Every structure is written in structure tokens, then in C-alpha cells.
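J.: Fold the following.
(chains A, B and C)
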Amino acid sequence: MLKQSGFGYYVRKIARTWKETGTLAHIVHRVTGILLVVYLMVHIYVVTQASLNGEGYESILKTFRDPLFAAGELIMIMGGLVHGLNGIRLTLFDMGIGLKHQKAMFWAFMVIAVAIWFVGLAIVWPVIGGG
Amino acid sequence: MVTFRVFRFSPEKDKKPRYVDYNIEDTCGLTVLDALKLIKTDMDPSLSFRHSCRSAICGSCAVSVNGKNMLACNTQVDALGKSRIVIEPLPGYPVINDLVVDFAPFFGQYRSIRPYLVSESQPPEKERIQSVEARKRYDAPAQCIMCAACTTSCPIVWTDDKYLGPAALTKVWRFVADSRDEITDERLAMVNNEYGVWRCHTMFRCAEACPKEIDTTEAIENLRREVLKRAFSRRR
Amino acid sequence: MRKHDVVIVGGGLAGLRAAIETSREVDTAIISKIHPLRSHTGAAQGGIAAALGNETPDSMEEHAFDTVKGADYLCDQDAMEILINEAPKNIYELEHMGVAFSRTPEGKIAQRAFGGHSKPRACYAADWTGHTLLHTLYEQSLRQKMTFYDEWFALSVALVNGTCAGVTALDMKTGRIEAFSAKSVIFTTGGYGRAFKITSNAAANTGDGLGMFLHAGLPLEDMEFVQFHPTGLYQHGILVTEGARGEGGYLLNDKGERFMENYAPEKMELAPRDVISRAMQTEVNEGRGIGGSDFLHIDLRHLGKEKILEKLPQIHTLALDFVGVDAITDPVPIQPTAHYSMGGLPTTIDGNVISDAKNTPVDGLFAAGECACVSVHGANRLGTNSLLDAVVYGKQAGIAARDHAKGTQFVNFPDEHLREVESDVASLLAADGKESAPKLLTNLQNAMTQLCGIYRVKEDLELCIERVKDLLERFQNIGAADKGRIFNTELIDTIQTRNILEFSEVMAVGALAREESRGAHYRTDFPKRDDKDWLKHTMAWMEDGKIRLDYKPVTITKWEPQERKY
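T.: Numbering: from 1, shown residues only, chains lettered A, B, ... in the order given. Have a look, this model is predicted:
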């Protein structure tokens, strides 16, 4: 018999049907989840540096003011918003709310994510050099 | 003209699957199953696939059509609106021959959840009384035809053979929702673990694949809430 | 060699019901060429009959009389009485097992009107009654200890000096053929509707049990009686339940007339199926088909959206998916479709198979369900009596087979029998002739539909027999494109086609011999029922490639034949 399972199979198969809203939400949720974990680790590293030696902390702070890094920060905000709001969406399903409207709910939450993100942009803008 | 790109795998000859193109000139009124039968009778008699009732009730002919699981028998070719249609076996389970997959894992999970009504109390002489509303509660899950379109559409099933999967979980819900069944606690305990309801990622692929329009995702969510309700009420 | 006390061939309703009975006490195995949940029982829609009286007062006497009259007096009344009297008890048992019956406002099992029944006595689960019965019985069978041989194709039954020694079967997954030694064998292999072009039957309904019996030198009974269901979806034959008319649907011709008032003024759309199918064929023959074509309409619109979606959800989807018609807003095109086989493997009232017109039982061999002919349906079955037949006689046969197995020893399975079967299959696999099974089958289906269908006449039947013989001849020149052993569906199709060809000849020969019109068998050259000469069952054997006929008297207990009017 020909095997049809395993992680490689999963990646190949899901790559063909990623456009389905529920599947897309799942992929986005996983990717943002991983990103947030990485970000959290960086954050912990920075805080650790700060408490251990002041010099290293200063140089790290400098990189923070780098526009490129600020742009990355914006992406992180987006990731957090998407992950958090989709998390709320999934929790609502667990409460039995909105199961019949899962697609609309995903896109609605994404619109909310973008809206909040713009607020974030307004805050970060001066840092990148806008002000 | 529609080109059917069909997944072929002859276990006695092939090491890897092949894809073979078959052209059908006139597909008006043809279902995917009709097309497969036409290919078998007119083009290649060695093509193997399962089918029987051709009216969407026996659950034999679920296949993957352009990457989505559906019954071949109730899918009109023209309604797919494509000039090239890729037909593959259901994903996730081992292929025996061409479009025929091995359902042993599927029925194994099904058998593991005690898929039958359990009522140890002495039944009345006549029928048990059940209200119209109580009957309605399990109306949808009781219509499951066990075609495996849902379970094999679930990516978790592809990577974790211990996960019960939507079909088995929907079957659990069918009995939990039936007022006549007397082992609700046992059933909920059975699914209250990492291979039961909590393994579901709520991607809705199963519900979308169901040819009988049973909301399998909702069934899993219902079970989750029942599990939590019981857990909290016991604590109080 | 595998050994089980009881081997059941066929995993549909009758087989599962029998297995639940046998496996309580003896080692039981079910051999099924498709997974039991794929059985055609699941396609039964409208209901299962029992005089429960949940909707209006009802009695077993009325149910019995309706059945005898529906059968056009050809049923064996002792067998039929068991069916009717056991019905309520069996329905309650099914409910206790978990069948999802629809309910009345008081919470009892809901019942609806059905053709030929004078009272609403079809216990139903919307329009998927067969599905819930099949799934529930399979589920309950999993509670008991029994061995399932899913996707094993039974090939033959082995008799030793008139005693059943077991069967042989092909494991489709490996292509290996094995012998099954058994003390009792129960055949529950289902109907033979696939002999016709337009049929409500599944691809699996190829009457394999009948083929195996003919090869074993055993007789078939009343094979000429094939029921045509009035309402099959146009060009597909897919069933539109009689429940659709039970709920109040109309049959309309091209002029929009409810034409049944010309044929059965009292019962109208709820006359028995043979009467309505003939009426429809007459309408079409006389040019009143829709647009002069060969179909008519079933109109459900006046039932309203809510009732259609609640009581007939499957019909609504099937019409949408297959003929593109929304039953809520448009009438659905329909035509008669070959539906049920009244004939089959002759048995006693215990389900024990008999070998001649004198009711001599075959030791250790049993049959039940559509493949069997007890005979409870006579010349025409009433709707909802078939599920009942499968349940009641499945149980009867199970009990008889179990008791037989408890009181007997295994008969040595004859090795040469297994070798014969193996070489037969090997020769089919090696065959390189020009003919292909699907093409022969299509030819046969056309011949049977045109020449041995709703209306029959001597000349047509003679031509039909000639055609079938010709096809049997051509079968000798069959070729196999797929030489593989693993899940070779071409091989299965070939064996099934041979089975169909063989029993189809029996059907046509029996129909030609029966010079009368009774129930589903209508001869335009003999339009009257003839109780003097033909109130008897046909028995047919295949001997050296020829069909031999004999006749068996009908058992009459209470109901003497009367004129049949609706």
C-alpha cells in the first residue's frame, strides 16, 4: 500500500488548499504563533541584557531606533493582532457562537486587526523618523 | 471537452503514483462517478474505484476532486466549471489500488468509541417515548454515511493517526445528543483528551467536505461544551 | 481454510439481523463484498411497516389482508402471517437498539401512509429509514463477538451430498481465494435490479447469491416477478420514495391531470406499485408523457417548503443534484424504475433453503431478505414490507441457523471444490477474448428493459431469451485487461455480469411460461389473472446450461383469492 501521511505530506497537501478561509485562518494562526514566540524570546533576551550590563543594553536600544527594525515591529504588532483576534474567534466557536459564519468572522476580525494596526502605526511613526 | 487527470497506482507494478489524462468530449449531465465509469468501460478497464448506490447514501465513492473531498456520485462535472479535473484518492489513508484507499484506520477509530446506543435499563414493552425536540437534537449527526470525506480532509488526521477525527467524534455526539443513551459520562470522558475533542483546530475543513451537509465542526464544539459543563457541574 | 459455526453471506439488513441472533451463542462470520455500511438497505427511504396504530387505529388483520391483496394472492399466507404478527415486536426491538425513528407529537414512532396499505403504518425516519436501520444494526452488531470479512467477494456455495459444507470467497484486498467451512450458511445477498437499465438498485445489486445457487444445482423461485417502482428520477432511476405520495404528492401527465383517477379511482396515487407503474407506462405509450416524452411528473409543490424539507429532505437534494429540479418550486420528472425482486432463493418459514417443489430442506443452508423468496410478497410487494421482511426473516433465519449449528458437526469442506473455483477465477483473469463485461451487461440491461419489463408479450420474451443466450455465448469470449490480483474491480464486474446473465435467463423463461397477468408480471397477450392454472410458484433450475421449470402450490390459510381492485 502507498502511504499518504506524515509532515511532508501535510505540507504538500495543505499548500494546495490554503485558500479555504478556515484553512487560511489556521495557517495564519500557526505562523503568527511561531513569530510571537520568537519575538518573545528576543524580548526576554533584551530585558536580560539590560539587567546584566548597561553597555550592551545601550547598543541594543540603538538598533531599536533603526527604521528597519521599527518596520519589523509593525509586522509584529500585526502578528499579535491577527493571532489574538483569531484566538477570540476560535474561543467564540468553543462557546457555540458564530459557527455558521466562520468565514465572515475571520475577515471581520482581520479588518479590525488592520484598523488597530493603523493606530499602532500612528504611534510608531515618529520613531521611524516621521517626526 | 474535459480532461480528467486521474491518480493511478497499481500495487503490483508501481512504486510511485502516476497521473493519467483521459478526455471526455461531452460531459453534459455527467457526474464525476459517471465519468469514472465511462473511463473504466471505454478507456481503461483496469481503473479501480469504489462505488455502489450512486445516490449519495452508501458512502462508497468519496474521492478528492481538484483537492477537495466529495462524493463522486452527486457531483456534476459541469458544475465544477473546470476544463481539467484532478481526481485522487481520499488523502491521509494508504492507497490499495488507484482510487481505493484502506479504511482500516477510519473504522478502527469508529469502533473504538463504542458507536452504538447503550441503554442498560429495562426498555418498556413498546417504544421509548422521545419528544420531537429530543429527536431533532441528533437528527443531523444520525444522517452521517461514514464516507470519510470529513476525516480524511482533516490535516491533523494526516499527521496524527491517534486523533479520533471528525467522523468518529460526530458519532460520539450523535449518541450524547440522543436522550435514550445512558453512558454520556463515559462517552465524554472518552473524548476529553488530547486525541479527542481537544485535538481539533477548528479549520472547518470537515464540515465543508461533508456531502450530507452535517456540521461536524459544530458537533465537536458541542462535545467540548458538554465536557466542560460536566466538569464544572461536578466541581460545584 | 477458515472455520466458523455460522457464515453469513451479505452484510445488509437481513444479514446483520441474522448475525445479531447467531453471534449470541455461536461463532459467526459475515462475508460482504462491500463494507456492510455500504449495503443497499441504506437507500430504503420511506419506512418499515407494522400495525402499531400510532397515528390511527390499525390491526394486524388489516395489514395482512393488504399484503395478500397487494401480492395478488401469490404469497404463502403462513409465511406472510408470521411477517405481520412479528412486525410490532420487531419494530419496538429496533427502537430499543437505537433506530432514529421520527416521532409523533406524543413522542411515539411516527407512521405515514403508503401505497396499498389501508392505514398509515409505515414507521419512518424522515426519508432515510433504511439508512438508520442499517447503521443501527451494524452498530449493535459491533457490540457482539463476530468476525467481519469486509470486501470479500463470495464465489460459490459447496454442497456435499445435499448438505451445505460452506462457501468460497475472494479477498479483494489480496486476491486470494479461501474456503469457509461452516455448519450453517445464511445467504442475504440482496436483490437483482441491476439486470435492468433503469433501476433504483445500487451497482452492487447483482444477485450474486442467485448465480451461486444456480451453479450449485439449487432452484430459484418466482424469478419473473420484478417490481417496477413508479417514481424513479428520470434517466437515473434513483428512488423517489413512495412516502412522497404518502405525504400527499400528486402524479401528473402532460395535461397536468392526476391520471391515476382513471386507473385506481379510490386509492389514486396510493395504489400498489404494479398498478401505478402500468398506468404510467400506459400514459407514456398513449402519448401523454411530459412533452410527448417518456417521463411524467410527481408534484410536491402544494406540500410547501417546510413539509418537504422536514419529511422529504433527501428527495429534495436528490432531485436538485441529479435532475436539477427544486421540488419546492417545480414538479420532478420521474419514470418507473426496476426496484425489487419478489423472487429468489426458495425457503421454508424458518428461512431454511429448499431444493425442490416438495419443500425438501437443504441441510445447513438458509436465506433471508430480498435474495430469498419465502414467499411473503407474492407477485407484488407492498412498500415498507421489504425492510420488515429483512428484519423478521433475518431474525428467523438467524435463529434457525444458530440452532442448526448447535446440533451438528462440521462437514468436511471438499478440497476439489476450492480448486475448481480457483481455476475458474484464474481462467477469467487469464482470458484474452474480445468481449468486455460492462458492454455485455449494457446489452443485457437494454434487452431486459425493452423485452421483459413492465408489459410483456410472448414474442418479446422469446426474443429476450434469444438475446440472453447470445450474450451468454459471447461471455465465453470475455477478455481481462487487468491481470492484477489486488482490488481488481474488473474481475469482480466480470463475475457479477456472469451471475446476472445466468439468472436473467431464468427470469425471461419463467415470464414466458407464466401465461397470465398477476401482480408485477403483466402479459399483454394474457391480461387476466388465472387462478385455475397459475396460482402456483415457479421453481427453476439450471441443468447443463438449460433452464428446467417446475411449480409449487401456494399456501392459503384465511384469504381466498378475490378480484383485485383499488
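J.: which ones are touching C:Thr449?
T.: Taking CB atoms under 8 Å, 6 or more residues apart in numbering or on different chains as the criterion, C:Thr449 is in contact with C:Phe196, C:Lys197, C:Ile198, C:Ala338. Where C-beta positions appear, they are placed from N, C-alpha and C, glycine not excepted.
J.: Who are the contact partners of the last one?
T.: Residues in contact with C:Ala338, defined by CB under 8 Å, 6+ apart, are C:193, C:195-196, C:198-201, C:226-229, C:237, C:449, C:453.
J.: Can you convert those residues into CSV and add a column each for secondary structure, distance to C:Tyr138 and pLDDT?
T.: Shown next, in CSV, are these (DSSP: H, G, I helix; E, B strand; the rest coil; distance: CB to CB, whole Å; pLDDT from 0 to 100):
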residue, secondary structure, distance to C:Tyr138, pLDDT
C:Gly193, helix, 22, 95
C:Ala195, helix, 27, 97
C:Phe196, coil, 28, 97
C:Ile198, coil, 29, 96
C:Thr199, strand, 24, 97
C:Ser200, coil, 22, 96
C:Asn201, coil, 20, 96
C:Val226, strand, 28, 97
C:Gln227, strand, 26, 97
C:Phe228, strand, 30, 97
C:His229, strand, 25, 96
C:Gly237, coil, 26, 95
C:Thr449, helix, 33, 96
C:Gly453, coil, 34, 96
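J.: Closest one to chain A out of the residues you listed, please.
T.: For the contacts of C:Ala338, the minimum distance to chain A (CB to the nearest CB) is 31.3 Å, reached by C:Asn201.
J.: Quick check: closest non-adjacent residue to the closest one.
T.: Nearest residue to C:Asn201 in three dimensions, chain neighbours excluded: C:Gly193, at 3.0 Å (CB to CB, 6 or more residues apart in numbering or on different chains).
J.: I figured that neighbour hits C:Cys371, correct?
T.: No. Taking CB atoms under 8 Å as the contact criterion, C:Gly193 and C:Cys371 are not neighbours in contact, 11.8 Å apart.
J.: Overlap of the contact sets of these two?
T.: Overlap of the contact sets of C:Gly193 and C:Cys371 (by CB under 8 Å, 6+ apart) consists of C:Ser341.
J.: hang on, the earlier thing: contacting residues around the residue nearest to C:Asn201?
T.: Counting by CB under 8 Å, 6+ apart, C:Gly193 makes contact with C:Thr199, C:Ser200, C:Asn201, C:Asn205, C:Val226, C:Ala338, C:His339, C:Tyr340, C:Ser341.
J.: How about B:Trp198?
T.: For B:Trp198, the contacting residues are B:Asn192, B:Arg224, by CB under 8 Å, 6+ apart.
J.: Distance check, it against chain C.
T.: As judged by CB to the nearest CB, to the nearest Å, B:Trp198 and chain C stand 25 Å apart.
J.: For that residue, what are phi and psi?
T.: When read as degrees, to the nearest 10, the backbone of B:Trp198 gives phi -80, psi -10.
J.: Look up the pLDDT of it for me, please.
T.: Note for B:Trp198: predicted pLDDT of 96.
J.: what's the answer for the one 5 residues further on, then?
T.: The predicted local confidence for B:Met203 comes out at a pLDDT of 96.
J.: Pull the contacting residues for the nearest residue to C:Asp294 once chain neighbours are set aside.
T.: On the basis of CB to CB, 6+ apart, the spatially nearest residue to C:Asp294 that is not a chain neighbour turns out to be C:Val284, at 5.1 Å. C:Val284 is in contact with C:Asp294, C:Phe295, C:Leu296, C:Gln335, counting by CB under 8 Å, 6+ apart.
J.: Count residues in the vicinity of the nearest residue to B:Thr75 once chain neighbours are set aside, would you?
T.: Closest residue to B:Thr75 in three dimensions, ignoring its sequence neighbours and counting by CB to CB, 6+ apart: B:Val32, at 4.6 Å. Neighbour count of B:Val32, defined by other CB atoms under 10 Å in any protein chain shown: 24.
J.: swap in A:Val37?
T.: For A:Val37, the tally of surrounding residues (other CB under 10 Å) stands at 9.
J.: which element is the closest residue to chain A within the stretch 201-350 of chain C on?
T.: The minimum distance from the stretch 201-350 of chain C to chain A, using CB to the nearest CB, falls at C:Leu309 (16.9 Å). Using DSSP states H and E, C:Leu309 sits within helix C:304-311.
J.: which residues touch that helix?
T.: Residues from elsewhere that reach helix C:304-311 (CB under 8 Å, 6+ apart): C:Ser102, C:Arg112, C:Ala126, C:Asp127, C:Gly243, C:Glu247, C:Leu300, C:Leu303, C:Ile315, C:His316, C:Ala327, C:Ile328.
J.: Serialize the residues you listed to JSON lines and add fields for secondary structure, pLDDT and neighbour count.
T.: Below are those laid out as JSON lines (DSSP: H, G, I helix; E, B strand; the rest coil; pLDDT from 0 to 100; neighbours: other CB atoms under 10 Å in any protein chain shown):
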{"residue": "C:Ser102", "secondary structure": "coil", "pLDDT": "97", "neighbour count": "23"}
{"residue": "C:Arg112", "secondary structure": "strand", "pLDDT": "96", "neighbour count": "23"}
{"residue": "C:Ala126", "secondary structure": "coil", "pLDDT": "94", "neighbour count": "26"}
{"residue": "C:Asp127", "secondary structure": "coil", "pLDDT": "95", "neighbour count": "27"}
{"residue": "C:Gly243", "secondary structure": "helix", "pLDDT": "93", "neighbour count": "26"}
{"residue": "C:Glu247", "secondary structure": "coil", "pLDDT": "94", "neighbour count": "21"}
{"residue": "C:Leu300", "secondary structure": "coil", "pLDDT": "97", "neighbour count": "27"}
{"residue": "C:Leu303", "secondary structure": "helix", "pLDDT": "96", "neighbour count": "20"}
{"residue": "C:Ile315", "secondary structure": "helix", "pLDDT": "96", "neighbour count": "28"}
{"residue": "C:His316", "secondary structure": "helix", "pLDDT": "96", "neighbour count": "21"}
{"residue": "C:Ala327", "secondary structure": "coil", "pLDDT": "96", "neighbour count": "26"}
{"residue": "C:Ile328", "secondary structure": "coil", "pLDDT": "97", "neighbour count": "17"}
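J.: show me the contacts for B:Glu226.
T.: Going by CB under 8 Å, 6+ apart, B:Glu226 touches B:Val176, B:Thr184, B:Leu188.
J.: ok, stretch C:221-231 near chain B or not?
T.: No. Using CB under 8 Å from any CB of the partner chain, stretch C:221-231 never reaches chain B; the gap is at least 13.1 Å.
J.: Since that was my last question, I'll sign off now.
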